[in-house]
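1. task: produce atomic coordinates for the following.
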Amino acid sequence: MGKLRSGNLDNPSDNMKCFHRCVLEKMGIMKEGKLLDEKVGEIFNKNQNKDNALHTYNECKTMKGTNDCDTAFKVIMCMDKGSM
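-> Numbers count the residues shown, from 1 in each chain. Next comes the predicted model:
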């Protein structure tokens, strides 16, 4: 996870990408490669910066990868950039 914060993810492994997919699925915000807007909204409603978080999410949720793992990774990287 240190690489995610440092931005040193130029060539992530498939395992790294699938780890991100697994995290999103376990959180209940991704199913079969699709983000679940309702669940994301529930999570962000608890966030002090919910307007900024929702704005960033709306910019990132359309990202698509070559498979579900790649999609999850791209979304998380986009969200991470938006939270800085």
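2. isn't L24 up against T71?
-> No: the criterion here is CB atoms under 8 Å, and L24 misses it with T71 at 9.3 Å. For the C-beta atoms, the positions are set from N, CA and C on the backbone; glycine is no exception.
3. show me the shaky parts of this protein.
-> The chain contains residues with pLDDT under 70 at 1-8, 83-84.
4. grab the longest helix from the protein for me.
-> helix 68-82 (DSSP state H).
5. what sits up against that helix?
-> The contact list for helix 68-82 (CB atoms under 8 Å, 6 or more residues apart in numbering) reads 4-5, 9, 12, 14, 16-18, 20-21, 23-24, 30, 32-33, 35, 52, 55-57, 59-61, 63-65.
6. for K50, see how far away the spatially most central residue of the chain is.
-> By CA atoms, centre = their mean, the mean C-alpha position of the chain lies nearest to I76, the distance being 2.7 Å. Distance of I76 to K50, given as CB to CB, to the nearest Å: 18 Å.
7. then stretch 54-72 to CSV, C-alphas only?
-> What follows is stretch 54-72, C-alpha atoms only, in CSV (Å, rounded to 0.1, in the frame of the first residue of the first chain):
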residue,chain,number,x,y,z
LEU,A,54,-18.8,12.3,-4.6
HIS,A,55,-17.5,14.7,-7.2
THR,A,56,-14.3,12.7,-7.5
TYR,A,57,-16.2,9.4,-7.6
ASN,A,58,-18.5,10.7,-10.4
GLU,A,59,-15.3,11.6,-12.4
CYS,A,60,-13.8,8.2,-11.7
LYS,A,61,-16.7,5.7,-11.9
THR,A,62,-16.7,5.5,-15.7
MET,A,63,-13.1,4.3,-15.9
LYS,A,64,-12.9,0.9,-17.6
GLY,A,65,-10.0,-1.5,-17.7
THR,A,66,-9.3,-4.6,-19.7
ASN,A,67,-10.9,-6.8,-17.0
ASP,A,68,-12.5,-6.4,-13.6
CYS,A,69,-9.2,-6.2,-11.8
ASP,A,70,-7.9,-3.5,-14.1
THR,A,71,-11.1,-1.5,-13.8
ALA,A,72,-10.9,-1.6,-10.0
